[in-house]
Structure formats: C-alpha cells, structure tokens
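Undergrad: How does the following fold in three dimensions:
(2 chains, ligands or ions: 5)
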Amino acid sequence: MKRVSLLEFKHYRYFKVSGFLMAAAIAAYILDRPEPEPFGGTVLGYILGIASALIVVFLLLYGIRKRLTPRIPVLNKNVEHESASQRTTSTRAAPHQNEGRYGGFTLQGWLSSHVYLGGSLIVLATLHTGFQFGVNVHTLSYFLMFLVICSGFYGTYVYLYLPRLVTENMGEDTLESILLKIKDFDRFAEKRALQFSDEIIELVALSRQKTRIGGNFFQQLSGRQKNCPTTLAVQKLQGLGKGYSDDKLKSFHDLYGIMAHKETAVARARKDVKYKARLDFWLYFHAPLSIAFLVALVAHIAAIFFYW
Amino acid sequence: MTENFKIAIIGAGPAGISAATHAAELGLSHILLESSPYPANTIRKYQRGKLVMAEPAILPLRSAVTFAAGAREHVLAAWEKNLQQHHVNLRVGAQVVQISGVKGQFEIKLSTGQVISAEFVVLAIGLQGNIHKLGVPGQDLPTVQYQLDDPLAFEGETIVVVGGGDAGVENALALAQQNRVFLLNRGEEFTRCNEGNLQLLQTAIREGRIEPRVNASVKQVEAINERGFSLSLVVKTTEGKENILCHRVVARLGASPPRKLVESFGVEFPHADIMSVPKLSSQYESNVPGLYIVGALAGYPLIKQALNHGFEVIEYILGHEVELADESLLKAKLAPFLPSYSVDKGLASIQRRVPLLSGLTTLQLREFLLESEVFAPTPDEVIFNLHDYSNSFFSILYGEFAVYTEDNDGKEISFLLKEGNFFGEMGLLSGRRRTATVKSAGHGVLIETPRRSMLKLINSVDSVRRTLDEISLRRVVQACLAGSLKEDELDYLVHNATVRRYDAGQVLFNQGDKADGLYLIRRGSVMIVRMNEGKEEVLAYLPAGNYVGEKALISDTPRSATVRAAVATEVILLETSVVTEMLARNNTMRDIVVTRYREHILADQKINFKAQPDDLFKFLMQQGVGEATDILLIDYSLCIRCNHCEIACADTHGGTSRLNRAAGPTHSNIHIPTSCRHCEHPHCMKDCPPNAIHRSVNGEVFITDSCIGCGNCEKNCPYDVIQMATIDPNHEQRSLMQVLFGSFARKSQKTVSDVDAPKKAVKCDMCKDIASGPVCVRLCPTGAALRVGPESLSMTMRSNQPS
Ligand SMILES: Cc1cc2nc3c(=O)[nH]c(=O)nc-3n(C[C@H](O)[C@H](O)[C@H](O)COP(=O)(O)OP(=O)(O)OC[C@H]3O[C@@H](n4cnc5c(N)ncnc54)[C@H](O)[C@@H]3O)c2cc1C
Ligand code: HEM
Ligand code: HEM
Ligand code: SF4
Ligand code: SF4
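TA: Ligands and ions are numbered 1, 2, ... in the order given. As a prediction, the model looks like this:
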C-alpha cells in the first residue's frame, strides 16, 4: 500500500526529462557564440524563450486539468433485468489485472511533470535572458516566474513532508471528534468547578469562552494562542489545590486532570489546523502569481514585437 | 359470541386492502383485520412526503384499488377513499395471534381474546413484523406510542423512552434536546446499541440530559391528571418500585419477524434461511388448505404485486380461473421461443426440458421467468468471459454451449453443455470472477436469471438447493484439485465431502492440531497465522478457490500453522482417509497436491523472514478488505487532505460525493475512507424490493434509477457507505469558465438540502461508465488514493513491508 510519491513517479520519469532539457540548454548555451553577446533575441534565445513559454502553458494547464472531471449520467438507467446488464460488453478492461490498470492519465503524473518541468524553467528561462536584466517588463516577468517557482518548491516540500505529521498528530481522531471531546471536557470541568472558589470557576469559564482554535489566517498558521486561557488555567490551577480536605482534593485533582486533558486536545487541534493551513496557504500565492506571471509574460512578448 | 364470515383477510397492507376491496365489490361476506390503528401501516411508516413508486413499471395493475406513483399522503388518501367507497368491513386494532381449525371453519383469535370464524383465510401480514408492545395495562393509551416520527414535535414534556436498543437510544437523544427524558433499559448495560450511539448516550447521561433506569421494567401505565402530568408509570428496578409521572411514553421494543407466528398457523417454510418463502400452490394456497398467503409475505416485495395478488386471491377462492396480471408479460417473453404454446404449456415444456426447474411450483416458475430473461444468442456469441464479475445464472432451454476454461497448468480445456444443463453457478455462489468463458455453439436459447431470484429459489426449493450444492461441490473440488479427476473419482470425493461454515475470525484448525483433512475454500477467504515469540503473525491470505491443510496431511505431522476465516467463509472438508486414498489412486492429483506442498514450504521459508505486520492485517480485515472486490485506500503519508477526491467524485456524480475522505479509520498511515468496498456478496443487495442494485461485469456494485428510496440498503451496508440523497437529474455540463473559477468556491456537498424532495440511494459506482477508471484515484494530485481487490491485496501487503 506504500505508494510512490509524486517525485518518484514512474521511476523519476520527469526528473529525467527535465534533467535532459536543462543539460541540453546548458550545453547549447556554452557552445553557442552569438554576436554581440547572448541575449533573448538570438536564435538560441528565441528557442529557449519559446520552449519556456510552452512549458509555462503546460504548467498552467495543470490547473484546468485538475478540474476537468468527466461527468456521467446521475441516474443509472434501470436495467430491466439484472441479466441484461451482464452481457453488455464492458467499457474498460477488467480491473486489478495490474497496478496501473486504467492506464493513461493520472493527476499525480501531471503534477510530477509540473514540478520537474516547472523547476527546469530556472535554467531554461535564465539562459534565455542571457543574464540581461534591467528594470523593465521583461525582468518583471522573470521575477514573477521566480516567485511562482519558489512558491512551487515550497509547496512541494510541504506536500511531501507534512502529511505524515498530520497523521501522527491525529491518530484515530478527526478534527471534528477532537472538537467534540473538547466540548465534553468543558462541560465536565464547569460542573466540577462549581464546588470551588470563584477564582477557579472563573478560570474554567474563561477557558471555555476564550480558547480559540483556528481563527484568522495568521492565527491558523501560528498554531498558538497568545495567553491561551486553557494553558493559563492549567498553570494557575497547579497552585490552587492547597488546603482542601481529602474528598475535595480528589475532586480538585479530577478537575485538574480534565483541564490538562483539554490542554493537550486543544494543542492537537491547533496543530492540525496549522498543518492544514500550511498545506493550503502557499497555493494562494502560487496560483494567483502564476496568473500575474502569465500577464507579464504576454506583455513581455508583446513588447518584443512592438519594438521590432 | 363469535362472528362469522366467508373470508377473513388478515393485514390491511396493499395486499389485504386489495383483497378486501375486491371481496366487498363482489358483495362477499368478509372482514379485514389490521393490528395497528390504521390501514396500510407499513406505508404509513415511510418518511413523511416519501415518493411511493409503482415498480415494476412493466407490470400491469389489476385491482379494485387505485394506485399510481405519488406522495405517500396521496397514496394513503386514495386507499382510504377506496375502502370507504366499497364499504369494506375493516377492523383496526385487531391483532391476530392464533389461527386454528380447517378450511370452511377457521377460528381466528385476536390479542383481545375475541374469536372470529371464517371459511377462508387470506394472510397478508407483510414482512414488517409485529411491534412489541409494553404488555402491561395501559399499553394502548393514546400517549403511549411505539413509533416516533418527528422528535422535534415535542417540547417541554417529560417523556419516558423504553428500550435500550438503537431505536430507543436515538429517540431518547433526539427528544432530550427539548424535553426531560427518562430511558428505561431491561439489562444492566446498554449493550444492544452501536458504539456511536453508546458514546453519545454516555455523554448525555453524564451531563444529566438523560436519566437512565437500568434493570428496569414497566409494570403499569395509568392515565392521570396531576400537577400537569398525564401519565403515571410504575417501574420496577432492582432497587424496588418507582413511580414516574410523565406526559408521554415512547416504547421502542423492536418487532418480531412474522415467521414464527405464521409457522404457528401450520404453514411450512422449506428452509431456515430468512430468504425462504412459504411453499404455495399456483393459487397462493399454503400447505394448510383454505389458508392463502399473498403480498410481501409470499415473497413479492412490491406494492403493485401485492395489489394484484389481493385481486387474484379472491377470484381463486371463488373457484374462478383468472388470467394473472403477469400473463401477457410471460406470453411476450416466451412467444419468440415457444410460439405455438400457451403460457401454461410453455411453462410445462420448460420444466420438462430443464430438470433443475422441475421442483418449482407454477407460481415459483412464473416468478422465476418474470425475473429472468429468455434470449437466443447468435452462434459464437460470448455469454460471459473468464474473469468477468457477473453473477447471473443460465439454464439451457435449447442448443449447445461451449465452456472454455483452464486447468491448473494453464492448459485450455473445453467441453459442451447441452439442453437442460445450466452454468454460471460458480460465480453466483462464490461471488468471485467467472472461472470460464462460455460461448454459444450454434443456435440455442438461454434463460438468464439474476442472482437475487436464484438465491430466493435456492432458499425456497429444496431440490434446487440440493442440485446446486452438489454441482458446486463437484466443480469446487475439480477446480481446487485437478481438472483431470475421473467422474467416479469425483463422485467418491463429493460423496465424502462435508461443507463447513465459519464466521469471520473463527478458527478452521489450530497450530499443533492433528491433521483432519484437506480444506477447500469455496466462499470467503482465510488467513494463515503462526505464533512467533508470543505474537501472532499472518503468513498468508488465501481467497476462495484455494485449499489449505495439505502440508500436515502429506507429511503426516501436526498442523504447522493456525488457519482462521478472514470473513464469513465456507469450506469443503475432505477427510484425511478420503484424501490419502485418492492420492494413492490418482497420480495426477498426487502430483498436483505434492507440488503445491513444495511450493507452500518454499514460500513459507521466504515468508518467515518477512511476516506481515499482523495488526495491520487484522485492521484491514475488520474493515471489510477481506470481502471487498475493490476498496479505496488512502496512503496518509502522501495525502495532503485536499479533499480533491471528494470534489472530483461529486463533480462526476451530480454534486453528491459518494465517498467521505475524512471519515473512516486509519492505521499506520493507511486510511480507509467511508466508501463502497464492492463486496463479493454485497450486503446491500440483500433486501432491495425493486432489485435495483446490480453488479456489473467488472464487479462494480451500482444502483439503478428503479430505486424506490426505501433505505434498506443504507441499513444493510455494514460499512455505512450508502446515503439517501436528492438527485438532480438536470445537472449540466459546465462551461470552461465554470471549470476555471466555479470550483474554487464549490465545496463538495454531501447532499442537496431540500428535505422533502424524493430521495434515492446513492453510492460509489467506481465510475463504471468512465473508461479510464475511478476519478477519486485518477484525480488525486499526489497519488495517495488507490484501489485494491483480493488479488492485489497480498501483493500490496508485501510491498508495504518495511524493508
Ligand atoms: C421504507 C420502505 C419504502 C418502500 N417503498 C416502496 C415503494 O416506493 N414502492 C413499492 O412498490 N414498494 C415499496 N416498499 C415495499 C412495500 O412497502 C411492500 O411491498 C408492501 O407494503 C407489501 O404489502 P403487504 O400488503 O404484503 O404487507 P404490508 O404492507 O406490510 O401490510 C401488512 C399489514 O398487516 C398488519 N399486520 C401484521 N401482523 C398482523 C397481525 N398479526 N394481525 C393483524 N394485522 C397484522 C400490519 O400492521 C400491516 O398493516 C417499501 C418498503 C419500505 C420498508
Ligand atoms: C518563460 C518565459 C520567458 C521569460 C521569463 C522571459 C524573460 C526575458 C528576460 C528577463 C529578458 C531580458 C530582457 C532584457 O534584455 O532586459 C528577455 C529578453 C527577450 N525575450 Fe524573453 N522571456 C520569456 C519568453 C520569451 C519568448 C516566448 C520570446 C519570443 C517569442 C521571448 C523573446 C525575447 C526577446 C526577443 C528578448 C530580447 C529583447 C531585448 O533584449 O530587447 N522571450 N526575456
Ligand atoms: C512558471 C511556473 C509555474 C506555473 C505557471 C505554475 C502554475 C500552477 C497552477 C496554475 C497550478 C494550479 C493551482 C490550482 O489549481 O489550485 C499549480 C499548482 C501547483 N504547482 Fe505550479 N506552477 C509553476 C511552477 C511550479 C513549480 C516549479 C513547482 C514545484 C517545484 C510547482 C508545484 C505546484 C504544486 C505542488 C501545485 C499544487 C497541485 C495541487 O494541489 O493540485 N509549480 N501550479
Ligand atoms: S485527493 Fe488524494 S491527497 Fe487529496 S484528500 Fe483525496 S486522497 Fe488525499
Ligand atoms: S454498499 Fe456496502 S454492502 Fe454494498 S457492496 Fe458497498 S460496501 Fe458492500
């Protein structure tokens, strides 16, 4: 059941493809002796520029491919008799005969090529420019591309690294089940707290009212709450158990235990939210930036022809 | 004083109403007895506003009662009107508890002790069973109810819920939102409800939202008017008697299936299985002369059939010949193949030609043919292919059919089947792929019968069961051991074989046991486990079609490992003496078994180095992987929790995702989302009135639009993967703009929210209509989602080894 990751896909097929592209580009760049100097307008410059642009188009298509789901009729026509359906020849080969039994397209394959080909742009596009940077729309497009690529690398890193941590943190639980547990802890704690001083009741109540899980974007990413009332309650409770009779002390320890459990649960929930936010948020840069880049690129190409 | 009638009709469901209305129409002296306070109790219990469907569409309706598809309320209103118009002698609240006497003089006893006598009895009590009542004085007070339609209809009351099963607990939890609730349970603990309900209940009890009384039984209910309360309950617990004042009692004590009651009337069922239906004459008469059985109880699970029966049974009682409602259908079905015959003659000729069907009553044969398809394949047409997942059953009416299969060495063998023979029983019984290809040889005619009808037959007609059992024994023995056994040798083995059934987890034999024989797995699957350093290790997983136990047999040593059923399993046991004799007689068989023995020993040695992590294996088995033909798993070390699998599924299937990614258990990075396993023997198919659940050649279990939304499959699926959802048939193709921007906003929705719109069952169909395969797997960006079946399971298990 161990699957190959998107980097290892088909024995590093796209690593090889993009490695080859980069090697060829570097070799050509070294061998080429253009006059007066290497820049985007030489023959090789044009070749590299167009190659890069084609790759960019392909990379953008990923966003579309991802959402192109086939559609099937919602209702399966009634087969008057079960038998009638059984003899109709099937539309596809019997499953399970082999691993890649449906052949053809998988989004994982697309993403694998996306990552590697996207990475190869660093070499291809840079060589295209002949290192002629300035303050202009051309370099703006290059800069945007760089941002997209960097965010892409970051995204690939979190995709590969975080899932295990998410599983580790959640175990058999889901975020929903943990939130339910927290609610339970709150109810027990409040009931238990009633027999103690106002200070304790207040601490527990605050913990219920003011403990925040999630929140805005940055709060989600931080996975923490400044002066978290639950942590505070647990800390303060430690010092408040003095002077109780045996019975009451036992009750107090119960309360403390509940709050400590709650603290752990809250920490786990926050961690989960944090991980999911980290898995998500980079794409909010990557995708819009890729559109901005597209616009800049079009401007770049238009500018070139305009100046011609 | 006993009252006297010509015909007593018991049960005012569609069948009973139709019969009584027809009797009234003809001016016969009759009575319609109904245990609940209203007629059509079963239909009344459907969810509010449910669309009642009139399946099967092709069956004409012939009844004095009107019926067309429509909202539950309309259907009920129309029937009430029918009953009134024809002055049907309906008596509600009349539960029949005993029938004695003979034709012409039946004595029908009601729960009230009253006795009614009648010449003929029509039994139409359906399959819902009788709801258990409290059984104490006051049980029938208006505020003592045995069903709860809308828990939110009550507010601020004190309500006593009786019964600690799922129904009672669910009701109590729902009522507790707005009411003070007591929950009475007969036992010490709430063991009869499921884990989820139990947890919710415990929380509710801890928080004081529900006040439980255990070891409690109600002794008396009394109507009062005291301090605003209207009922007074005497409850006995281990601590003594308690008096509870309340407004309402909701008793959920379950129902007893009607079979016991029906048997007490003298009616015989041919088999202990629940699918078994009583044996009836072609005129619906049971083995008790004068006692007729119609409707769902007779094995016809749809309203229209029940209505037709009601009409016909009255005609039969009067001694009339009636052309049955399905006559024209049967005629149309048979005419192309038996043109010159009347239906009756045609049926007789079919029974002559196909000996397997000779034990059926005319009624059973009609039903069998209605549900089957009769067709003439062209010469050389493939009926089914090796490895197809289909499971229908074929009887040969005319002509010859060629079977192509492989023997154990992969050599192709073929043989001809002639008129009167049948094939396809292996796929039917094992739930696995077809083991042969069958083609028509020349011009022939076949009857193809769907799995469900065949199972019904097996459980209702003894001769069919016996024949199929023996044949399947032969074929399993042949397939497991060697194609090359001679007929008499096969006979000998089959004759000496015993069939054993095991529940999931049950042990076939233990490590260290003396060898008692060879176990051929005919259905289900087993795992072979061995104790290693005090821990159980799973060595292998063997699906149906294999055998275990040859090692100890050949080497005459104690068992070297324990074998345990992974799922409900059936094996054929050949005892040691039988096998040794066979091995001495037949060299080919000896070679085959010995070769397998060597292979196992060699494989064992390899396995010894890399045994399966046992608890992972157990986990997978618990989750139904052992009975799955195709299950969705997610490698949680790769899954980025993007839910794109769900989004893609919803997009493909009209907005309702058929899988729930986040739900479902996880074990060492393997996550099993809530999604269909496409079981070998799908539990969901068990009880689908219109037979809308099918399995395609590739194994996908899917639901067609003849679904009537009854929710049986939802309940029967042990993995909770079927949902009832409103289906929007107008969901359209999107534009490119929607592709690009629409889905940024769209979340995968579970169900469309319009509460009163008719709902149908939806489940994963493995995207069977998409040539390139299931979208959940293909559209997972990181390749975390995969699907596995029994064949790839052991392979995948291996590759999961930490190396
Ligand atoms: C949720 C659900 C949805 C369904 N939807 C559809 C649908 O849309 N279309 C369709 O065609 N079919 C549907 N069905 C199937 C349909 O309900 C049955 O086929 C039909 O009700 C069978 O009719 P019957 O008369 O044989 O039995 P029932 O309708 O079950 O009637 C039996 C009657 O006998 C009474 N009774 C029982 N025991 C006794 C006794 N001892 N003494 C006196 N009276 C007794 C019962 O109270 C009941 O009123 C559905 C079933 C369910 C459960
Ligand atoms: C990924 C795509 C591309 C990137 C990131 C990119 C970036 C750049 C940059 C940064 C320069 C240097 C500008 C300067 O000299 O100041 C440049 C020059 C140039 N590019 Fe591109 N480019 C891309 C694609 C293309 C394409 C598709 C074409 C042709 C159709 C093209 C044609 C040129 C030309 C002709 C020049 C030289 C212009 C000049 O120096 O005046 N480029 N490009
Ligand atoms: C110019 C270069 C690139 C462009 C134009 C580009 C464009 C895109 C687009 C349009 C998407 C789809 C976003 C969505 O549908 O939600 C996407 C997703 C993604 N890209 Fe890029 N990308 C580029 C480079 C890279 C690089 C270099 C990497 C990695 C090294 C990368 C990794 C990813 C990843 C991991 C995703 C997310 C896939 C998913 O969650 O479905 N991209 N990119
Ligand atoms: S699509 Fe793949 S990565 Fe996304 S949630 Fe589903 S299994 Fe996980
Ligand atoms: S719906 Fe449930 S019972 Fe039916 S095949 Fe799927 S998992 Fe099995």
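Undergrad: Closest to the centroid, which residue in chain B?
TA: What sits nearest the mean C-alpha location of chain B, by C-alpha atoms, centre = their mean, is B:Lys686, with 1.5 Å.
Undergrad: And for the residue nearest to that residue when sequence neighbours are not counted, the neighbour number?
TA: Nearest residue to B:Lys686, sequence neighbours excluded (C-beta to C-beta, 6 or more residues apart in numbering or on different chains): B:Asn716, at 5.3 Å. To be clear about C-beta, it is placed using only N, CA and C from the backbone, and glycine gets the same treatment. By other C-beta atoms under 10 Å in any protein chain shown, 16 other residues sit near B:Asn716.
Undergrad: Just confirm B:Asn716 contacts B:Ile693, I think it does.
TA: No. The criterion here is C-beta atoms under 8 Å, and B:Asn716 misses it with B:Ile693 at 9.8 Å.
Undergrad: which neighbours do these two share?
TA: B:Cys684 (C-beta atoms under 8 Å, 6 or more residues apart in numbering or on different chains).
Undergrad: Return the residues in contact with residue 169.
TA: I went with chain A, as the question did not name one. A:268, A:271-272, A:275.
Undergrad: wrong one, chain B
TA: The contact partners of B:Val169, by C-beta under 8 Å, 6+ apart, come to B:183, B:190, B:193, B:197-198, B:200-201.
Undergrad: Looking at those, which gets the smallest pLDDT?
TA: The lowest pLDDT within those belongs to B:Cys193, with 70.
Undergrad: For B:Gly254, see how far away that residue is.
TA: Separation of B:Cys193 from B:Gly254 (C-beta to C-beta, to the nearest Å): 12 Å.
Undergrad: Which one of those two is surrounded by more residues?
TA: Counted by other C-beta under 10 Å, B:Cys193 and B:Gly254 do not tie: B:Cys193 has more neighbours, with 20 against 15.
Undergrad: Over to the more buried one. Which of the three states is it?
TA: Classification of B:Cys193 by DSSP: H, G, I helix; E, B strand; the rest coil places it in coil.
Undergrad: what residues does the helix or strand encompassing B:Ala24 touch?
TA: Per DSSP states H and E: B:Ala24 is located in helix B:14-25. Residues outside helix B:14-25 that contact it (C-beta under 8 Å, 6+ apart) are B:7, B:9-10, B:12, B:30, B:32, B:34, B:39-40, B:43, B:63-65, B:67, B:79, B:82-83, B:86-90, B:122, B:124, B:126, B:294-296, B:303, B:306-311, B:313-315.
Undergrad: show me where the stretch 101-250 of chain A has helices.
TA: Per DSSP state H, counting those that start in this stretch, the stretch 101-250 of chain A carries helices over the ranges A:107-129, A:137-170, A:175-193, A:198-210, A:217-222, A:229-238, A:246-307.
Undergrad: Which of those helices sits closest to B:His671?
TA: helix A:137-170 (7.9 Å; C-beta to C-beta).
Undergrad: pull the helix or strand with minimum mean pLDDT from chain A.
TA: helix A:82-87 (a mean of 44; mean pLDDT, DSSP states H and E).
Undergrad: For B:Glu412, the count of nearby residues, please.
TA: Counted with other C-beta under 10 Å, B:Glu412 comes out at 9.
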